[in-house]
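S.K.: Let me see the structure of the following:
(2 chains)
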Amino acid sequence: MAKTKTNTEDYLRMYRQMVRIRSFEDNANQLYLSAKMPGLTHMYSGEEAVAVGICEALEVTDKITSTHRGHGHCVAKGANFKEMFCELLGKEEGYCRGKGGSMHIADQSNGNLGANAIVGGSMGIATGAAFTAKLLGKDDVTVCFFGDGATAQGLWYEVMNMAALWKLPVIYACENNGYSEYTKTEEIAAGSITARAEAFGIEAHQVDGQDVLAVNELAQDLVARARKGEGPFFIELMTYRYHGHHVGDINREYYRSKEEEKDWKENRDPIIKFRGWLVEQGIASEDEIEAMNAEIKKDAAEAVAYAEAATYPEQSEVDMHVYTDIKHALERDTA
Amino acid sequence: MREITLSQAVNEALAEEMRRDDTVFIIGEDVAEAGTPFKVLSGLVEEFGTGRVVDTPIAEPGFVGIGVGAALTGTRPVVDLMFGDFLYLVMDQLCNQAAKAYYMSGGKLNVPLVLRTNMGATRRSAAQHSQSLHALVAHIPGLKVAMPSSAYEAKGLMKTAIRDDNPVVIFEDKLMYNDKAPVPEEEFLIPFGEANIKREGRDITLIGTSSMVQVCEKAAELLAKEGIDAEVIDPRTIVPLDEAALLKSAKKTSRVIVVDEGHQSYGITGEIAGRINEKAFYHLDAPVLRMGAMDVPVPFSPALEDITVPTPEDVADNARKLMSGEMIHAA
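M.R.: The predicted structure follows:
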């Protein structure tokens, strides 16, 4: 593993954030399986090093856009469990007052402009956020997270072209987890994905998305350079999703084997790998790590219990937040 | 009062708002040196520079998406969509992203974006450059929709749109860019959701949008010669809609024709007629009539194109039928 930081606190925070994501997802999955969660959700488990490696290179004022598989980005950018679980359960105290749900969690206070349920739908938004930084002379950087499946969307090529022409401070981060919903990436992506960015003159990198230090080292470099006006950049992060496309995608042997899943989980798990490195380097002992894990598990369980007991929004909220200046949208034409 | 063209009015509105607020910028195809194919934006790039009057590649979903992201993060983009027909290209960014961000985030994120585009047939531009698609966006909660009917409205509504914290789609009739109207030199804004009674009358209400306001006014002149006193109302914005003003007029005259250049079926005319039927039924002496554009793609040949859009004569004909009771007997 590449060694990039010498600060013990940074290493431990990265570890904690990865475990927090895994823990969040384990609980979200249980909520689905026990029919306590409305709708369904898409698990980030297995991809933790991507979100954490990148978001640890960002400031709170930097922006991200997220995807339908967005819990990891949300946690990594600084969100709290309580508001997140409340949102997943459609409760009033959720980040979006229960109006967005799993696929639309936004956390403006930490610069998360929101998950997006249209595959590739946030590519324009991320590029626009970077445009704002340039227009207003701010040094904010925006990271646009999307999956390999989204590389098939035309929007990406339109906005990459403009980002490159205008040297916008945006980093396109493609989480290549090998599957575009229920289809292998090699069946939906012709040629090389990094070459597509390079065709626009954009510097492109491919990195092991299971190695949080490698991801973080690259992200720190690119974020710093984007801040100086050297962007945009593209990163393809090779990773794996442990669950199916969504929580209900359980019988999936028709598109990928259990052996393949087992191999990634046992031999390439980002948390196990990083944990081993922390111990080996003497940064944390096994006991300290176990204590951290237990604490996070407890936090998550408490947040779930809190969210389950939390109240739903009043029905009168149904037509609120449609317009900023019209309290109840259904009265917009009669007010 | 001085008279200026609708094109100059839009240009003035943009320049004034850009001087007032550094976060306002224009983005779209050929908006800078070219000033758009209609030359509406001429001179703006000279004053504000290419940083704020931004030419884009021909990539409508891309630059509308960039507008949405910019609006979400502290700017006020005026996104220029060269033809209203290109709305189909940008529907995801406009309707799934811009329109819903405030709601989906529970009121945390908002999109103060103006999409300025156009509408209007009879320019011999055929089926993909002539459509009036305001009903498509008026259908989507979260968007506001303005339809200026003269230079005066074009200026006042544009300034209001730019200051609005919500996404606003503003449709200019491309055949009206050179039409002059009195526009005050001093600053003014026109609030959304306030209809304008263009002409008072007792006998019948003609509700028109955009260029159809003039069609209604001309029809009213024809009718006046026959002793029929028509009232003409311009809603100015269809979202929000000044329902109270329309209902008040309907109750006063008891007869209403709604005239709009969108396709008639499933359109604005049906929506407004429906509301009047629901809320003023006992005051009506005739069915509320819809007059939209013909339900066909806009044809190229002038011989065909001209008959697809309501004319003052068509409106006057229908008004006579409503006055005589012919429409009731036809039912």
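
S.K.: And the residue of the stretch 51-200 of chain B closest to chain A?
M.R.: For the stretch 51-200 of chain B, the residue closest to chain A is residue B:65, as judged by C-beta to the nearest C-beta, at 1.5 Å. C-betas here are computed from N, CA, C, even on glycine.

S.K.: Run a quick neighbour tally on that residue.
M.R.: By the criterion of other C-beta atoms under 10 Å in any protein chain shown, residue B:65 has 31 neighbours.

S.K.: again, but for residue A:311
M.R.: Counted with other C-beta under 10 Å, residue A:311 comes out at 10.

S.K.: Pass me the low-pLDDT residue ranges in chain B, would you?
M.R.: Along chain B, segments meeting pLDDT under 70 span B:329-331.

S.K.: What about contact with chain A: does the longest strand seen in it have any residue there?
M.R.: Identified as the longest strand of chain B according to DSSP state E is strand B:256-263. No. Strand B:256-263 does not reach chain A (C-beta under 8 Å from any C-beta of the partner chain); its nearest approach is 14.9 Å.

S.K.: who does that strand pair up with?
M.R.: Paired neighbours of strand B:256-263 in the sheet (DSSP bridges): strand B:204-208 (parallel), strand B:289-293 (parallel).

S.K.: Pull the distance from stretch B:157-177 to the chain's centre.
M.R.: 8 Å (C-alpha atoms, centre = their mean, to the nearest Å).

S.K.: buried ones in it?
M.R.: B:157-164, B:166-177 (16 or more other C-beta atoms under 10 Å in any protein chain shown).

S.K.: The residues you listed: which ones sit near chain A?
M.R.: Okay, of these touching chain A (C-beta under 8 Å from any C-beta), that's B:164, B:166.

S.K.: Helices of the chain, start to end?
M.R.: Reading this off chain A. In chain A, the segments counted as helices under DSSP state H are A:8-33, A:48-55, A:71-76, A:81-88, A:123-136, A:154-166, A:185-188, A:193-198, A:212-227, A:258-267, A:270-280, A:286-309.

S.K.: was after chain B, sorry
M.R.: Using DSSP H, helices in chain B cover B:6-20, B:44-48, B:60-72, B:91, B:101-104, B:134-138, B:151-163, B:212-225, B:243-253, B:268-280, B:302-305, B:312-324, B:326-330.

S.K.: Name the residues of the stretch 1-150 of chain A found near chain B, please.
M.R.: A:63, A:65, A:94-100, A:104, A:106, A:108, A:113-114, A:116, A:118, A:121-133, A:135-136, A:142.

S.K.: again, only using 7 Å
M.R.: With C-beta under 7 Å from any C-beta of the partner chain as the criterion, the stretch 1-150 of chain A meets chain B at residues A:63, A:96-97, A:99-100, A:104, A:106, A:108, A:113-114, A:118, A:121, A:123-129, A:131-132, A:135-136.

S.K.: Please, a PyMOL command that selects the buried ones among these?
M.R.: In PyMOL, this line selects whichever of these come out buried by 16+ other C-beta under 10 Å:
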select buried, chain A and resi 63+96+97+99+100+104+106+108+113+114+118+121+123+124+125+126+127+128+129+131+132+135
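
S.K.: Count the neighbours of residue B:124 for me.
M.R.: Neighbours around residue B:124, by other C-beta under 10 Å: 14.

S.K.: Cool, thanks, signing off.
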